[in-house]
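Coordinates for the following, if possible.
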Amino acid sequence: MRQVRLFTRAEAERTLPLVRRIVADIQEEYGHWCRVMRQYELAAGGIRAEWGEPPEIIRLREEVAARAEVISGCLRELDMIGCMLKGFDTGTVDFHSLRDDRVVLLCWCAGEERITHWHEVDAGFGGRQPIDQPFSEVLS
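Residues are numbered from 1 along each chain as shown. Down below sits the predicted model:
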């Protein structure tokens, strides 16, 4: 298990140009994945095992898998940066940080210009709070 990277707010914001592009790619690919998955489920719903798998079902299944692999690659890119996607639809990304000597999460959503919110590790998106005091600017 890799050690968690701790970000200052400034460090996390410096990653946003790249994070924005990756999240946009994920959201676009996720939309395609959802559409193809629905097509696959509808097409495969009436198929019986003894009939075998028709070519259209095979094609859709392979496309679902290929799109999932693209999404997985993007998620690995975010992991390499040190942040994590928390919501495909909202494009929510969390960065570990320190506040009052405890680990919390800086929280950014697609469309936001800067990182303006944080939440406790166990609070999730519903616990988002505006950043009202500086986060640690120097991490040891």
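
Give me the contact list for the least confident helix or strand in the chain by mean pLDDT.
Here the helix or strand of the chain ranked lowest by mean pLDDT, DSSP states H and E is strand 129-130, holding a mean of 92. Identification of contacts with strand 129-130 by C-beta atoms under 8 Å, 6 or more residues apart in numbering yields Thr116, His117, Trp118, His119. Heads up, the C-betas are built off the backbone N, CA and C, glycines and all.

What backbone torsions are found at the first one?
Main-chain torsions, Thr116, degrees, to the nearest 10: phi -120, psi 0.

and if you look at the third one?
Backbone geometry at Trp118, expressed as degrees, to the nearest 10, gives phi -150, psi 170.

can you check Glu13 too?
Per degrees, to the nearest 10, the backbone of Glu13 is at phi -70, psi -30.

which stretch of helix or strand covers Ala65?
Using DSSP states H and E, Ala65 sits within helix 55-81.

Which element is encountered next along the chain beyond that helix?
Counting by DSSP H and E, the next helix or strand C-terminal to helix 55-81 is strand 83-87.

what comes up buried for that next one?
Residues of strand 83-87 classed as buried: Cys83, Leu85, Lys86 (neighbour count, 16 or more other C-beta atoms under 10 Å).

Arg76: which of the residues you listed is nearest?
If you rank the buried residues of strand 83-87 by distance to Arg76 using C-beta to C-beta, Leu85 comes first, at 10.9 Å.
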